[in-house]
Every structure is written in structure tokens, then in C-alpha cells.
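[1] Please find the sequence and the predicted model below.
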Amino acid sequence: MAKILCVEDSAEFYIYLTSVLRDHILVQAESLNDAFKILQTGRDSFDLVLLDISLPDGNGVRALPDLKEAFKSKPVPIIVLSSDNDVISKVAAFGIGADDYVSKPPDASELRARVEARLRAARVMQDNINQIQIGDLIIDSNRMSVELISSKKGRVQIDLTPFEFKILKIVAARPGQVFTRDQLIDQVWGVGKYVTQRTVDAHVSHLRKKITDSCVSIETVLSVGYKAEVKDSSSGAES
């Protein structure tokens, strides 16, 4: 399940998108201004953007560079949605940073396929990134290290076990995305390994204790699994 930002002012078309992409979480922004307001606080939680060209406060394509800049910390594909099906419009969109271009009204199966393809590609890119920064944590895969950026102490090393490190890296790479215990077992211990869900819970519990001073938290989603969230620094976490 991915979290998708839909920059689309048509309520009717947004309802259509939620139906077609019902396996994902969609958040609507009715204008470019609304989109950037949403991204000010929650950009790390989004995995993909569906961007309409004709918006009340401007041309969506012209906002592509700013959207790309907003997502510079992780690969977030942007799919342009437009009634303009001419080659010039497509070339302009790709030239300015679009990852894909879908003509309106899109075929439901084609749109799903394009979204899933872009999400897969983004996940591969994210998995290949050697260093991840989320909140006040820096996770370095090459060194197998995690550092807390503290305003009082500078960079503080956090000692994690290999399993704790893998769990943190997986959830931190996609903030806000919920990972089931079975998904974590497959990705941390390996597919087919006999590991109980209680083992996952135990490792997450130990991990939480080691990052209590961070603004990053591992939240429990009842009866489902876990996700990483970045708390507001005013909530008491030292950053």
C-alpha cells in the first residue's frame, strides 16, 4: 500500500482515482498551493504524485521542478495527468521532470499498471540508496551505522543489532507506510525463514528503547504492523 498525493481540482475525477487505486491511500490537493502546504509537513510520507496540468492557480507542469525539489530526500515519481494528448505537451512534461504522462480520461487498468510500475521502480531506487536521513537520524548502509543528530551533543552513534538495523532501515525508507509483521520477517530474516511475529515485536521493542531521544518513532498499527513517523520537534524529542 502506497500513499499518493493527487493534485487534482475535480472532485468527480478524484473519486474515480480513489476507485481505480483503491489498494492505496490517496490524499487530494485541489490546487498547487494546497499541494505545497500538505508537503510542508508530510512530504516524507508520500510515495507518488498524480499531477493534473490544469489547476485553479497555475499549470501543473510548471510546478514540476519545485515538486521534484520538495522530494529530493527520496525518489517519488510524478505522473502527469492531462487532457492534452499532443506530443509537444508530453515532451515538455518529460523534459521538465515528469516520470510518466497519462492522458485523460485514463483507462483504469492502464493507470493501475503505470502507477504500480513507477512505485516498483522507486522502491528499487530507494533500496539502493546507501544513506537515508529521516528526522534527526542518519542511517548508513555501508557502515551499518545509525547516528542521532543532537543540537546539544552533535552526532551520537546508536548501537543496533543487525536485525534492529534492518527493521529501522526498511520502515525509515518509507515513512508513514505500514509494514505487516510478515513483510518484515520476509525482508529482514528472509522468505521461508521460521520466525514468529512475537520475535518481530521483541526486536521493535528493543529498537524503540534505543531511539527514544530521536524525533523518529516506530508506531504500532493495531492488528496490522508497524510504521515510522517523524514527531514534531516541539513534542519533546531532542534534535
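    Great, that's in hand.
[2] now what about the top helix by length along the chain, what contacts it?
    If you go by DSSP state H, the chain has its longest helix at helix 108-128. Defining contact as C-beta atoms under 8 Å, 6 or more residues apart in numbering, one finds that helix 108-128 is touched by 2, 4, 20-21, 24, 47-48, 50, 74-77, 79, 99-100, 102, 173-174. (C-beta placed from N, C-alpha, C; glycine too.)
[3] what comes up buried for stretch 106-123?
    106, 111, 112, 114, 115, 118, 119, 122 (16 or more other C-beta atoms under 10 Å).
[4] Put together a markdown table for those residues, with pLDDT and distance to residue 179 on each row.
    Below are the buried residues of stretch 106-123 laid out as a markdown table (pLDDT from 0 to 100; distance: C-beta to C-beta, whole Å):
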| residue | pLDDT | distance to residue 179 |
| --- | --- | --- |
| 106 | 89 | 29 |
| 111 | 95 | 25 |
| 112 | 95 | 22 |
| 114 | 94 | 24 |
| 115 | 95 | 20 |
| 118 | 93 | 20 |
| 119 | 92 | 15 |
| 122 | 86 | 16 |
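[5] Return the closest of those residues with respect to residue 230.
    Set against residue 230, the nearest of the buried residues of stretch 106-123 by C-beta to C-beta is residue 122 (19.4 Å).
[6] Roughly how far does the closest one sit from residue 172?
    15 Å (C-beta to C-beta, to the nearest Å).
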